[in-house]
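> next comes the sequence, and after it the predicted model I'd like to discuss.
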Amino acid sequence: MTLFKFKATTHAAHTAKIGKPVSWDTMEQLIDTPGNLKVKSVTTNWAAKLSGLLNIKDAQAKAAGIKDHDESIEITTHILKRPNQDFYLIDTGVSEQLLQDPKEAGVGWMLKKYGGVDSMNAQPSTESIIANESGNLKGVFLSHIHLDHVTGLPAIPKETPIYIGKNEADAQLTLNIIAQGTNNRMLAGRPALQELPFNQDINGTLTDVVDVFGDQMFFAIPTPGHTIGHISFLARTTDGPILFTGDVSHTRWGWDHGVEPGTFLADRVASKDSLKLLRDLSNRHPNMTVKLGHQE
């Protein structure tokens, strides 16, 4: 029997007005030269079933005796600061407003009950993160549209551009039957989502990366698997290169052992490929800092 599938959101999505496709080689030749960006990562505590975060059926996980349990993880937002003092967020953290009044913030009762909202905390909250930064919030880069990556949206000013991967809004999953309404309500009144302009071949496969600001300092990398339009990011900072994997790898153990997420993914083969892609990149550039999806 074929199950009904729903888009992540029916909110409008257009091609972004920023960013240009460049070759992977162009990006990689620049990686080890420090850039002009500054990054600060802010986390809040959470927990989730390890079987969702890590493929515990993988041979390595079995050999290590790993069993399912509630795993301590974090919800993270990364503050990306440019030399002009304007800043961007990579993913959104957790809004105090969302926890105080989930219904008013747009969270449906089913997602509140089954999505782990009750176990989230907002210390620090997205509101405080924005308030404590100098400069202006110029945009939000979402690695993907899942609840734990959009829970800060109620704190984001309505006019702020939100950037996503190609086709991320249209990605269809059965689980979106309970998530789509929440995503739509949190995006209501906002401009169209901005899809970064990745190239794609005749088969629809994304190629190259996107030079987001056009100055070779910040790159978006297509890493499908967890969701169809999932993207990872690489920043050239004053302290060296930083790779933001998003949920290509939730956990430190999964990253260290090359084991993909468990049940929390859309396509296992693509997920494995994306994890290998990023681990190989990290191995070629050992001085690169790696920021995982939910664990340091």
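Received it, and whenever you're ready, just let me know what you need.
> Gln123: how many residues sit nearby?
Neighbourhood size, Gln123 [other C-beta atoms under 10 Å]: 10. For glycine as for every other residue, the C-beta is placed from the backbone atoms N, C-alpha and C.
> please apply the same query to Gln194.
Counted with other C-beta under 10 Å, Gln194 comes out at 21.
> tell me the helices and strands packed up against the one helix or strand it maps to.
In the assignment (DSSP states H and E), Gln194 maps to strand 193-195. Here strand 193-195 touches strand 13-15, strand 162-164, going by 3 or more C-beta pairs under 8 Å, 6 or more residues apart in numbering; DSSP states H and E.
> ok, residues contacting the very next helix or strand once past it?
Beyond strand 193-195 on the C-terminal side, the first helix or strand identified by DSSP H and E is strand 199-200. Residues outside strand 199-200 that contact it (C-beta atoms under 8 Å, 6 or more residues apart in numbering): 21, 166, 206-208.
> now with 7 Å?
By C-beta atoms under 7 Å, 6 or more residues apart in numbering, the surrounding residues in contact with strand 199-200 are 21, 206-208.
> in its sheet, what does the helix or strand where Ile242 lies sit against?
Element membership for Ile242 (DSSP H and E) is strand 240-246. Strand 240-246 pairs in its sheet with strand 231-237 (antiparallel), strand 289-292 (parallel), by DSSP bridges.
> show me what it is in contact with.
Contacting residues not belonging to strand 240-246 are listed as 31-32, 34, 39, 78, 90, 143-144, 223, 230-235, 278, 281-282, 285, 287-293 [C-beta under 7 Å, 6+ apart].
> over to stretch 54-67?
In contact with stretch 54-67 (C-beta under 7 Å, 6+ apart) are residues 50, 68, 250-251, 253-254, 257, 259-262.
> report the buried residues of that stretch.
Using 16 or more other C-beta atoms under 10 Å as the test for burial, stretch 54-67 gives 54-56, 58, 61, 66.
> sec struct for the closest residue in space to Leu50 that isn't next to it in sequence, please.
Closest residue to Leu50 apart from its sequence neighbours, by C-beta to C-beta, 6 or more residues apart in numbering: Glu71 at 4.3 Å. At Glu71 the chain is in strand, as set by DSSP: H, G, I helix; E, B strand; the rest coil.
> which residues in this structure form helices?
Assigned by DSSP state H, the chain shows helices spanning 24-30, 50-53, 59-63, 96-100, 102-105, 109-114, 126-131, 147-150, 176-187, 252-257, 268-284.
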